[in-house]
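Participant: predicted model, plus sequence, below.
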Amino acid sequence: MKQTLIIGSTTVDIIIRIPHLPTSTEDLNTSRHQYSLGGCAYNISHIFHLFQLPYLLCTPQGTGIYGEYVKQQLKQKGVTLPIQVKEESGACICLVEENGERCFLANHGVEYTFHKEWMQTIDLSNVNHVYVCGLEIEETSGQEIIDFLKEHPEMQIFFAPGPRINSIDPKQLEQLFALSCIVHLNEQEILSYSKHETLEQACEYLYKKTQNDIIVTLGGKGAYYYHENQGVYIEGYPATVKDTIGAGDSHLGTYMACCQMGYDALESIRIANKVASYVVSIEGASLTEEEFKQIER
């Protein structure tokens with residue numbers, strides 16, 4: 001089976017549960033806090049691990065207390081990162097409100113920076129898919145990722161711009177879109193980027209740039225799949241939301257995994273909707289192997 005190359009960050013999620021987002025000068029008591037592995041690339045790779053599919057995780061491992069945490073946690077999971085960098089790692093503070101919605105306060109370290117020569121050491125002979133996140137493209141080294149992708153047109157790009165899509169250099173976005181990437185966004189993100197009022201109009205606008213599939217997540221309502229100037233809604237699954245950390249990553253990771261296994265796009269999205277509904281029903285971004293086995297696909 002072909003491999004998937006996953007480019008992006010592995011970081012520490014510091015999850016803090018609060019009654020609501022604080023206002024200026026307000027004092028709040030947290031209900032609990034925890035540390036866990038996170039980062040979009042790690043979350044995607046974890047889904048591939050659960051599906052027992054081959055993947056290559058391209059993510060820098062730095063130094064400092066957060067870098068050491070990542071190193072130890074990955075070691076326990078039997079994952080060795082090939083890119084060791086003598087620069088400090090950052091962390092992501094996840095503020096989770098009582099309704100399950102979250103905000104991120106990110107302290108970006110070396111885990112978000114990439115250099116083309118790092119990726120050139122990876123054996124790509126059996127790779128057909130590649131994942132890229134918008135957070136890394138937004139960084140000063142984002143162009144190096146784009147240049148690397150331009151050199152490997154044989155790999156289908158899955159691109160998740162995320163909520164920072166409007167902060168990425170438009171010229172860099174256009175370069176990625178010109179590589180005919182499959183784009184994964186949520187409804188708010190694509191409407192904000194396209195400046196259109198309806199989902200159909202927004203997808204039509206983006207499709208003219210990419211000429212490839214667009215997947216839009218709709219929370220509990222499921223997802224919208226746009227293919228060759230036609231869109232279809234795929235129903236979601238009900239869930240009691242504990243938090244939405246990692247929901248988008250788990251959705252895209254599952255979609256990519258199912259595509260790699262030969263499922264068609266609609267069935268892949270249906271399974272992705274189900275997996276994402278389970279992720280929002282637990283605390284944190286990662287399902288355990290036992291939780292994953294309980295999902296009927």
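Facilitator: Now that the structure is in, tell me what you want to look at. Residues are numbered from 1 along each chain as shown.
Participant: and the helix or strand bottoming out on mean pLDDT in the chain, what's buried?
Facilitator: Every helix and strand of the chain was ranked by mean pLDDT, DSSP states H and E. The lowest is helix 116-119, at a mean of 82. Across helix 116-119, burial judged by 16 or more other C-beta atoms under 10 Å covers 118-119. Using the backbone N, CA and C atoms, a C-beta is placed for each residue, glycine as well.
Participant: low-confidence ranges, the stretch 1-150 of the chain, go.
Facilitator: Scanning the stretch 1-150 of the chain for pLDDT under 70 picks out 82.
Participant: do a quick rundown of the helices in it.
Facilitator: 40-50, 64-76, 116-119, 134-138, 142-150 (DSSP state H, counting those that start in this stretch).
Participant: would you turn the ones you listed into CSV with distance to S167?
Facilitator: Output for those, formatted as CSV (distance: least, C-beta to C-beta, whole Å):
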stretch, distance to S167
helix 40-50, 15
helix 64-76, 23
helix 116-119, 22
helix 134-138, 6
helix 142-150, 11
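Participant: what's the closest of these to L179?
Facilitator: Nearest of the helices of the stretch 1-150 of the chain to L179, taken as C-beta to C-beta: helix 142-150 at 6.0 Å.
Participant: now the helices for the stretch 151-297 of the chain?
Facilitator: Going by DSSP H, counting those that start in this stretch, the stretch 151-297 of the chain shows helices at 170-178, 187-194, 199-210, 247-260, 265-279, 289-293.
Participant: out of those helices, which one sits most buried?
Facilitator: helix 247-260 (a mean of 26; mean count of other C-beta atoms under 10 Å).
Participant: elements contacting it?
Facilitator: Secondary-structure packing of helix 247-260 (3 or more C-beta pairs under 8 Å, 6 or more residues apart in numbering; DSSP states H and E): strand 3-7, helix 40-50, strand 127-133, strand 156-160, strand 182-186, strand 214-217, helix 265-279.
Participant: between those, which one is nearest to H20?
Facilitator: That would be strand 182-186 among the helices and strands packed on helix 247-260, by C-beta to C-beta, at 21.8 Å.
Participant: how far away from the center of its chain is that closest one?
Facilitator: Distance of strand 182-186 from its chain centroid, counting by C-alpha atoms, centre = their mean, to the nearest Å, is 10 Å.
Participant: what's the mean pLDDT across that strand?
Facilitator: In this model, strand 182-186 has a mean pLDDT of 98.
Participant: send over stretch 192-211 as PDB, restricted to the C-alpha atoms.
Facilitator: Provided in PDB are the C-alpha atoms of stretch 192-211 (Å, rounded to 0.1, in the frame of the first residue of the first chain):
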ATOM      1  CA  SER A 192     -14.900  34.200   5.400                       C
ATOM      2  CA  TYR A 193     -12.300  33.500   2.700                       C
ATOM      3  CA  SER A 194     -14.600  33.600  -0.300                       C
ATOM      4  CA  LYS A 195     -16.700  36.500   0.900                       C
ATOM      5  CA  HIS A 196     -19.700  34.800  -0.400                       C
ATOM      6  CA  GLU A 197     -23.000  34.300   1.400                       C
ATOM      7  CA  THR A 198     -23.800  30.700   0.600                       C
ATOM      8  CA  LEU A 199     -21.800  27.500   0.800                       C
ATOM      9  CA  GLU A 200     -22.500  26.700  -2.800                       C
ATOM     10  CA  GLN A 201     -21.200  30.000  -4.000                       C
ATOM     11  CA  ALA A 202     -18.100  29.800  -1.800                       C
ATOM     12  CA  CYS A 203     -17.200  26.300  -3.200                       C
ATOM     13  CA  GLU A 204     -17.800  27.400  -6.800                       C
ATOM     14  CA  TYR A 205     -15.400  30.300  -6.100                       C
ATOM     15  CA  LEU A 206     -12.700  28.100  -4.600                       C
ATOM     16  CA  TYR A 207     -13.100  25.300  -7.200                       C
ATOM     17  CA  LYS A 208     -12.200  27.800 -10.000                       C
ATOM     18  CA  LYS A 209      -8.800  28.100  -8.300                       C
ATOM     19  CA  THR A 210      -8.100  24.500  -7.500                       C
ATOM     20  CA  GLN A 211     -10.100  22.500 -10.000                       C
END
